[in-house]
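# only geometry, no sequence info:
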């Protein structure tokens, strides 16, 4: 899927094709490979490639902006609480690395877990601020 994705990215690198067309590509590629497991997928098992196929360079920048936000949060928290900075940094690392392969924002459980982890970091920071 990734090789075929790179081929279609080269055809429309700036604006991509949109989510619906990405899903059509996956079903077509699965049919050509006679791979039913591929035909049942809706994502390309890479948040970076999903972003590029869906929305081109702008989709990739959008994906990277979220990750840059996590890194920025880590830097800000480092001034106040090393434990929370390490937590945010670890979350950033996991998200960046997982986005290469299996993680995707289309999966509810992944989005919920990262949201809960960020909420815990913010709640812990609020608690620390009140206890200072």
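All right, it came through fine. Computed from a prediction, not measured in an experiment: that's the story for all the values here.

# State the next helix or strand along the chain beyond the longest helix seen in the chain.
In the chain, ranked by residue count with DSSP state H as the criterion, the top helix is helix 47-78. Using DSSP states H and E, the helix or strand that directly follows helix 47-78 along the chain is helix 82-98.

# quick one, that next one and helix 47-78 angle?
With axes from the mean of the first three to the mean of the last three CA atoms, to 10 degrees defining the directions, helix 82-98 sits at 170 degrees from helix 47-78.

# next one: helix 82-98 to chain centre, how far?
14 Å (CA atoms, centre = their mean, to the nearest Å).

# How about stretch 57-67?
9 Å.

# What mean pLDDT does it get?
Mean per-residue pLDDT for stretch 57-67: 93.

# Just the residues contacting it, thanks.
13-16, 47-48, 50-53, 55, 92, 95-96, 99 (CB atoms under 8 Å, 6 or more residues apart in numbering). The C-beta positions use only the backbone N, C-alpha and C, and glycine is treated the same way.
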